[in-house]
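Peer 1: The sequence and its predicted three-dimensional model are supplied below.
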Amino acid sequence: MPESTATAGWRNWAGNQSARPGRTVAPADAQELAEVVRRAAEEGRTVKAVGSGHSFTSIASADGGVLVRPDRLTAVRAVDAEAGTVTVGSGLPLHRLNRLLETAGLSLANMGDIEVQTVAGATSTGTHGTGRDSGSLAAQIRALEIVLADGTVQHCSPTENAELFQGARLGLGALGVVSEITFGVEPAFLLTAHEQPMSFDEVLERFDDLTAVNEHFEFYWFPHTDRCSTKRNNRSQGPAAPLPAFKAWLEDDFLSNTVWEGVCRVGRRLPGTIPSIAALASRAWSERSYTDTAYKVFTSPRRVRFIEMEYAVPREAATTVLRELKALVARSDWRISFPVEVRVAPADDLWLSTANGRDSVYIAVHLYRGSADQGYFTGVEQLMTAHQGRPHWGKLHTRDAGYLASVYPHFGDFTALRDKVDPGRLFGNDYLRRVLGA
């Protein structure tokens, strides 16, 4: 299998995390991956798999260990329209999965707002979109294959190795290396998106209704302003009416990426201009509607690089937290160029899901790459944890195992499973030691 012992380092998409693995490998199947794991154990090296690097934490860091690249674990094992499942290699990028499903007349029920991650990277960190009734990507898993620390290849589902399945669907890379995933899928469908500017107060006053009557609702609030951009996605019988190609390029690519990159650079160099920039940017979002294939509505190109913190708070606390966040920004000296993103999710039963056991609202804050933090993330985190917030596993936070055990009812179940399948911490690193304990 392709293998490198060069000392070239690894860096994530945002550029805020890096590592220098002792060896990098790219196995082609589960058996090659199992051999990688066994050899690393014999050498006393740790093993970490990394996908597209879209996590902002050091969850995939493999300093001195073996870094597994899933570039060759991309096979499509089975597409079963009758059963409503698709089985693919763990390294398959979501954008390829979406097009594969489209060709087969199928679709995921829900997904996040980008599609560059690998399927295992996205599910293992809890990647989610927004949905009244449909949850994260990990909640859509029906079965998976995973290589454990003893080098065995295990299959798990609700009826086979059920305890392992319960933990490994969203396993943080702490239980083993996922080699294959079976997703539940459904017949392809269209979504109609309606995007509309609203005031901050109107969004919060109507929040219960907006989240109840729309299948997928989200909004962006522009700090230093009272303006928001809302997006409602609902299933449609058609016909498809996508944005004209030039309009889509102009608004979703050129303005949202090329122009926005330039605006962020100005704000980074001249922070005092940010409130004025925010006022202009918030007015650039106009009302529009379009109908298209589901994944094309769920996702958008995101090329402006940033760092991010995101917390899930209980649904009933959301409007209180958002008002407190707005007040916190108003009384601070912070200059925040990126909008705050707000999404919703139903309760699920995944042990380490941020929505475990409770309907949740996700509040995400961002900083343009290279911008000074100014205490923004620290202040936001203090606010979120005061409301029993749960941090997104792939986004920046400072919480440790003690705090996380207090907000996850099944935290102890997961760590007990980890003790069972990886007692020697073959898949450990500094991040996992902090969030899961030794």
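Peer 2: Okay, I see it.
Peer 1: I'd like the distance between the closest residue to residue 89 other than its chain neighbours and residue 30.
Peer 2: Closest residue in space to residue 89, ignoring its immediate chain neighbours: residue 73 at 4.0 Å, by Cβ to Cβ, 6 or more residues apart in numbering. Yep, even glycine has a C-beta here, placed from its N, CA and C like the rest. As judged by Cβ to Cβ, to the nearest Å, residue 73 and residue 30 stand 8 Å apart.
Peer 1: In three-state terms, label residue 231 for me.
Peer 2: Using DSSP: H, G, I helix; E, B strand; the rest coil, the structure places residue 231 in strand.
Peer 1: wait, doesn't it sit right on residue 192?
Peer 2: No. Assessed by Cβ atoms under 8 Å, residue 231 is found out of contact with residue 192, at 11.1 Å.
Peer 1: pLDDT score assigned to the nearest residue to residue 239 once chain neighbours are set aside?
Peer 2: Excluding its sequence neighbours, the residue lying closest to residue 239 (Cβ to Cβ, 6+ apart) is residue 291, at 7.4 Å. Listed pLDDT for residue 291 reads 98.
Peer 1: what residues are shared contacts of residue 73 and residue 30?
Peer 2: Taking Cβ atoms under 8 Å, 6 or more residues apart in numbering as the criterion, residue 73 and residue 30 both touch 179-180.
Peer 1: Poorly predicted segments of this protein, please.
Peer 2: Across the chain, the ranges flagged by pLDDT under 70 are 1, 4-7.
Peer 1: what's near enough to touch the most centrally placed residue in it?
Peer 2: Against the mean C-alpha coordinate of the chain, by Cα atoms, centre = their mean, the closest residue is residue 127 at 2.8 Å. Residue 127 sits next to 111-112, 117, 121, 136-138, 394 when contact means Cβ under 8 Å, 6+ apart.
Peer 1: can we see that at 7 Å?
Peer 2: 112, 117, 136-137 (Cβ atoms under 7 Å, 6 or more residues apart in numbering).
Peer 1: Also residue 11?
Peer 2: 17-18.
Peer 1: Recalculate using a threshold of 6 Å.
Peer 2: When contacts are counted by Cβ atoms under 6 Å, 6 or more residues apart in numbering, residue 11 touches residue 18.
Peer 1: quick one on the thing from earlier: more crowded one of residue 73 and residue 30?
Peer 2: The neighbour comparison of residue 73 against residue 30 (other Cβ atoms under 10 Å) goes to residue 73, with 27 against 21.
Peer 1: That one contacts residue 91, correct?
Peer 2: Yes. Using Cβ atoms under 6 Å, residue 73 makes contact with residue 91 at a distance of 3.8 Å.
Peer 1: For the residue lying closest to residue 51 once chain neighbours are set aside, give me the backbone phi and psi.
Peer 2: Spatial nearest neighbour of residue 51, excluding adjacent residues (Cβ to Cβ, 6+ apart): residue 121 at 2.7 Å. The phi/psi pair for residue 121 (degrees, to the nearest 10) reads phi -60, psi -40.
Peer 1: close enough to count as contact, residue 121 and residue 49?
Peer 2: No. Residue 121 is beyond contact range of residue 49, at 8.0 Å (criterion: Cβ under 6 Å).
Peer 1: what's the burial count for residue 261?
Peer 2: 14.
Peer 1: who are the neighbours in contact with it?
Peer 2: residue 304.
Peer 1: That one and residue 267, how far apart?
Peer 2: Residue 261 is 11 Å from residue 267, by Cβ to Cβ.
Peer 1: do residue 249 as well
Peer 2: 24 Å.
Peer 1: Can you show me the strands along the stretch 151-300 of the chain?
Peer 2: 153-156, 177-184, 186-187, 190-199, 216-221, 227-236, 288-293 (DSSP state E, counting those that start in this stretch).
Peer 1: Show me what the fourth one is in contact with.
Peer 2: In other words, strand 190-199. For strand 190-199, contacts defined as Cβ under 6 Å, 6+ apart pick out 226, 228-234, 236, 238, 240, 285, 287-291, 294, 297.
Peer 1: Which of those residues are buried, as a PyMOL select command?
Peer 2: Only the buried members of the contacts of strand 190-199 enter the following PyMOL selection, criterion being 16 or more other Cβ atoms under 10 Å:
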select buried, resi 228+229+230+231+232+233+234+236+285+290+291+294+297
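Peer 1: that older thread, got the contact list for the residue nearest to residue 239?
Peer 2: Here residue 291 is in contact with 190, 192, 236, 240-241 (Cβ under 6 Å, 6+ apart).
Peer 1: circling back to that earlier point, Three-state assignment for the residue nearest to the centre of the chain, please.
Peer 2: Going by three-state DSSP: residue 127 is coil.
Peer 1: Please apply the same query to residue 143.
Peer 2: When classified by three-state DSSP, residue 143 comes out as strand.
Peer 1: quick one: it from residue 184, how far?
Peer 2: In terms of Cβ to Cβ, residue 143 sits 10 Å off from residue 184.
Peer 1: Just want to know which of those two has more residues nearby.
Peer 2: For residue 143 versus residue 184, the count of surrounding residues by other Cβ under 10 Å is larger for residue 143: 20 against 15.
Peer 1: I figured the more buried one hits residue 182, correct?
Peer 2: Yes. Counting by Cβ under 6 Å, residue 143 does reach residue 182; the two are 4.0 Å apart.
Peer 1: which SS state does residue 102 fall under?
Peer 2: Residue 102 is classified as helix under three-state DSSP.
Peer 1: From residue 140, how far off is residue 37?
Peer 2: Residue 37 is 26 Å from residue 140, by Cβ to Cβ.
Peer 1: the more surrounded of the two?
Peer 2: When neighbours are counted by other Cβ under 10 Å, residue 37 and residue 140 differ, and residue 37 comes out ahead with 24 against 20.
Peer 1: doesn't that one fall inside a helix?
Peer 2: Yes. Under three-state DSSP, residue 37 sits within a helix.
Peer 1: Enumerate every residue touching it.
Peer 2: Contacts of residue 37 by Cβ under 6 Å, 6+ apart are 47, 147, 151.
Peer 1: possible to save these as TSV with neighbour count?
Peer 2: Shown next, in TSV, are those (neighbours: other Cβ atoms under 10 Å):
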residue	neighbour count
47	28
147	28
151	19
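Peer 1: From residue 167, how far off is the residue nearest to the centre of the chain?
Peer 2: 17 Å.
Peer 1: Over to residue 418?
Peer 2: For residue 418, the distance to residue 167 - Cβ to Cβ - is 8 Å.
Peer 1: so is residue 304 in a helix, a strand, or just coil?
Peer 2: Strictly by three-state DSSP, residue 304 counts as coil.
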